[in-house]
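Q: A structural model of the following input is requested.
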Amino acid sequence: MEEIFEKGEKVAVDGATVDFYKLEKDGITYYAFDTSRCGPPEPMVNAMAGLKLVTNPNVKLVMINHKMPMGLLNKIEENYNIEKEELPDGRVKLVFSYKEGASEKADLSDSHCHG
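A: Numbers count the residues shown, from 1 in each chain. Prediction:
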């Protein structure tokens, strides 16, 4: 997925405080951002901004972070499919994808960390 950052195009995302990248591959649109060098609340703020882009099964959001964002996961885990991977350098990669009947119900307006 690192290819998103290398080959993807930089895109503007409302409310984001870090760069977002977009790459289309095999019929899927991937958006990606890296908050591994950011402190709270930036990972949550950017994840909430990015999740607004995940509006159908053909869109995925990739987040790179310095640790597992438990406050974020507790808030939205029922609304999205989430693949979690620990990277060799200690960071984590999460891939959020659309969950039929649940993603539409996510409250993405509250980007405060509570955990």
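Q: So which residues of this protein form helices?
A: Here the chain has its helices, by DSSP state H, at 3-7, 42-51, 70-76.
Q: other SSEs contacting the shortest one?
A: Helices and strands touching helix 3-7, as assessed by 3 or more C-beta pairs under 8 Å, 6 or more residues apart in numbering; DSSP states H and E, comprise strand 20-25, strand 28-34. Any C-beta I mention is one placed from the backbone N, CA and C, and that applies to glycine too.
Q: Can you point out the buried residues in that helix?
A: Neighbour-count burial for helix 3-7 flags 4, 5 (criterion: 16 or more other C-beta atoms under 10 Å).
Q: ok so, going back, dump the helices of the chain into CSV; add distance to residue 20 as well.
A: Below are the helices of the chain laid out as CSV (distance: least, C-beta to C-beta, whole Å):
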stretch, distance to residue 20
helix 3-7, 10
helix 42-51, 7
helix 70-76, 16
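Q: Among those helices, show me which one is buried the most.
A: Among the helices of the chain, helix 42-51 has the highest mean neighbour count (mean count of other C-beta atoms under 10 Å), at a mean of 22.
Q: Make TSV out of the helices of the chain and add distance to residue 60 and mean pLDDT.
A: Listed next are those as TSV, based on distance: least, C-beta to C-beta, whole Å; pLDDT from 0 to 100:
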stretch	distance to residue 60	mean pLDDT
helix 3-7	10	92
helix 42-51	10	97
helix 70-76	14	94
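Q: ok, back up a step: do you know which of the helices and strands packed on helix 3-7 lies nearest residue 102?
A: strand 28-34 (19.1 Å; C-beta to C-beta).
Q: for that closest one, the distance to its chain's centre please.
A: From the chain centre to the centre of strand 28-34 is a distance of 7 Å (C-alpha atoms, centre = their mean, to the nearest Å).
Q: No further questions, thank you.
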